[in-house]
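Asks: this is a predicted model, with the sequence first.
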Amino acid sequence: MTPSPFPPELVLLVVEHLPDMASLQNCALAASIFLHPCQKQIYETLFIAGVQDQHETEIQARPVHAYEDALRHLEGSPHLARYVQTLHIAVSGDRWNGDEKTVATLFRRLTCVRRCSVLGKLSFTTWAAVPRSVQGVLLEWILEQSMLEELYVSRIVGLPRPVFHVFLNSAPSILLVQVEVTVDSGDSVEEAEWMHKIMISSRDTFFKTILELSLDHSPEIEPILEEPEFAGYIGSLQVIHANATHTNALCFASARTLKEIHLSCTTAMDTDFVPFPPAFPQLRIFQLTVGLHHLCEDPTVPDAQLCFLPQLLSVLIENTPCPNLLEITINIVLLHVPTLPLPPLSKDVMGRLDTLFQKLSPLEAVHWFPVAPNSLGITPSWITTAFGEAVVRGLPKMAKAGKVVIDECNLTF
């Protein structure tokens, strides 16, 4: 074969700048030197479903392949399977017309997946509605993936405890959004069988360390995570759309191993907080999301909201030894901000925070990260400057020590 006159780096650069799937497909057919680089891009992410319907799930960006179609592609060109790094699986449970052999054959070919999403319908999927042929094959495949780094499960309710155990032992980074575990203890024999399979898949360690766990508050999930087999296996805990009170039990259960905690408390008041564990010996990063109303002087803001942030940080800093806490990040959500000026920050609240932060001797920096909606029509640089100046004025001692960092405003939602 005649070697290509173009360096591989140039070919990859061309492929990386192709704007869409159609361009990648056309380029792959244009010349042989583009075939494999384009195929890697095309098949890096694969979307599959029981039916070819991308409107019932979060999958919208690319075509959704039915199991049979995906298998036909991979059987025709077996090398394509190793290109799949990200796999999105829609489990609507409706209009299923496949068979277990097809599903099992497809999943057996996907051995290089690093990121996997299991997505229910926008109107939620009950796990019992997912075909049994898909359930068993999917769970077996998840346990066998030694390269899996991230698992995202969304909009699935009625998860039996054994299935939830499989998900928690699947990858070091786990994101659970709008997921509920059935209250019923379920089939103890089935649970024992899956626990045995988990033990076999984990080999040296019965339970994998959960480096990152993100979840919506769910009263059904929390008791399971408090059980002895999970206590001490969570390295990073993030609770989405929840007040700090909901994380108390989880913090206690894994206080010994937690290195990062992210709490979302945008609607919290001082009555919402429950004390932290006696100590966080390994905690290095504490991240908190609050609203501007927790800081600003505004007669319409209840005192209970202004008291929340100093009270929470007081319990963390004064009553909970954190000998390795190096960084605190406070995300400030600006929902309703006039164009000029920003509401003044409460001198009392900022003064108390300034005093509290100084008590953390290992603390290297307090990051302040303003987050605002695009609809405000204000430039990020203006918000960053105005908010930053107010924070520096409110934290004179920490600012003098060079430990106040104002991050560039992020326009989102």
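Replies: That came through, no problem. Just so you know, these numbers come straight off a predicted model, no measurement behind them. Numbers count the residues shown, from 1 in each chain.
Asks: could you pull out the helices for the stretch 251-400 of the chain?
Replies: 303-319, 347-358, 380-394, 396-400 (DSSP state H, counting those that start in this stretch).
Asks: show me which positions of the first one end up buried.
Replies: Within helix 303-319, the residues that qualify as buried are Gln305, Leu306, Cys307, Phe308, Leu309, Pro310, Gln311, Leu312, Leu313, Ser314, Leu316, Ile317, counting by 16 or more other C-beta atoms under 10 Å. In this view, the C-beta of every residue, glycine as well, is placed from N, C-alpha and C.
Asks: TSV for the residues you listed, including distance to Gly394?
Replies: Formatted as TSV, these follow (distance: C-beta to C-beta, whole Å):
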residue	distance to Gly394
Gln305	17
Leu306	13
Cys307	16
Phe308	16
Leu309	12
Pro310	12
Gln311	17
Leu312	17
Leu313	14
Ser314	17
Leu316	19
Ile317	17
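Asks: which residues are contacting stretch 398-413?
Replies: Residues outside stretch 398-413 that contact it (C-beta atoms under 8 Å, 6 or more residues apart in numbering): 354, 357-358, 363-374, 376, 380-381, 383-384, 387-388, 391-392, 395.
Asks: and the host helix or strand of Val163, C-alpha only, in CSV?
Replies: Secondary structure from DSSP states H and E places Val163 in helix 161-168. Only the C-alpha atoms of helix 161-168 are listed here, as CSV (Å, rounded to 0.1, in the frame of the first residue of the first chain):
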residue,chain,number,x,y,z
ARG,A,161,-32.3,-3.2,45.7
PRO,A,162,-30.2,-5.8,43.8
VAL,A,163,-30.2,-3.6,40.7
PHE,A,164,-29.2,-0.5,42.7
HIS,A,165,-26.4,-2.5,44.3
VAL,A,166,-25.1,-3.4,40.8
PHE,A,167,-25.2,0.3,39.7
LEU,A,168,-23.3,1.4,42.8
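Asks: for that helix, packing partners?
Replies: Helix 161-168 makes packing contacts with helix 132-144, strand 150-159, strand 173-181, helix 188-202, helix 221-225 when contacts are defined by 3 or more C-beta pairs under 8 Å, 6 or more residues apart in numbering; DSSP states H and E.
Asks: apply 7 Å and report the result again.
Replies: Here helix 161-168 touches helix 132-144, strand 173-181, helix 188-202, going by 3 or more C-beta pairs under 7 Å, 6 or more residues apart in numbering; DSSP states H and E.
Asks: rank these by pLDDT, which is bottom?
Replies: Of all the helices and strands packed on helix 161-168, the minimum mean pLDDT falls on helix 188-202 (a mean of 66).
Asks: before we move on, back to that, the helices of the stretch 251-400 of the chain: which one's closest to Ala66?
Replies: Counting by C-beta to C-beta, Ala66 lies closest to helix 380-394 out of the helices of the stretch 251-400 of the chain; the figure is 42.8 Å.
Asks: got the angle for the closest one vs helix 347-358?
Replies: Orientation check (axes from the mean of the first three to the mean of the last three C-alpha atoms, to 10 degrees): helix 380-394 against helix 347-358 gives 80 degrees.
Asks: avg pLDDT for helix 380-394?
Replies: Mean per-residue pLDDT for helix 380-394: 87.
Asks: could you do stretch 343-360 as well?
Replies: 91.
Asks: okay, that stretch in PDB with CA atoms only?
Replies: Extracted in PDB, the C-alpha atoms of stretch 343-360 (Å, rounded to 0.1, in the frame of the first residue of the first chain):
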ATOM      1  CA  PRO A 343     -27.500  44.500  45.900                       C
ATOM      2  CA  PRO A 344     -25.000  45.300  48.700                       C
ATOM      3  CA  LEU A 345     -23.700  42.200  50.600                       C
ATOM      4  CA  SER A 346     -24.600  42.000  54.200                       C
ATOM      5  CA  LYS A 347     -21.700  43.400  56.400                       C
ATOM      6  CA  ASP A 348     -22.800  41.100  59.200                       C
ATOM      7  CA  VAL A 349     -22.800  37.900  57.100                       C
ATOM      8  CA  MET A 350     -19.500  38.700  55.300                       C
ATOM      9  CA  GLY A 351     -17.800  39.800  58.600                       C
ATOM     10  CA  ARG A 352     -18.800  36.500  60.200                       C
ATOM     11  CA  LEU A 353     -17.500  34.500  57.200                       C
ATOM     12  CA  ASP A 354     -14.200  36.500  57.200                       C
ATOM     13  CA  THR A 355     -13.600  35.500  60.800                       C
ATOM     14  CA  LEU A 356     -14.600  31.800  60.300                       C
ATOM     15  CA  PHE A 357     -12.400  31.300  57.300                       C
ATOM     16  CA  GLN A 358      -9.300  32.500  59.200                       C
ATOM     17  CA  LYS A 359      -9.800  29.700  61.700                       C
ATOM     18  CA  LEU A 360      -9.000  27.100  59.100                       C
END
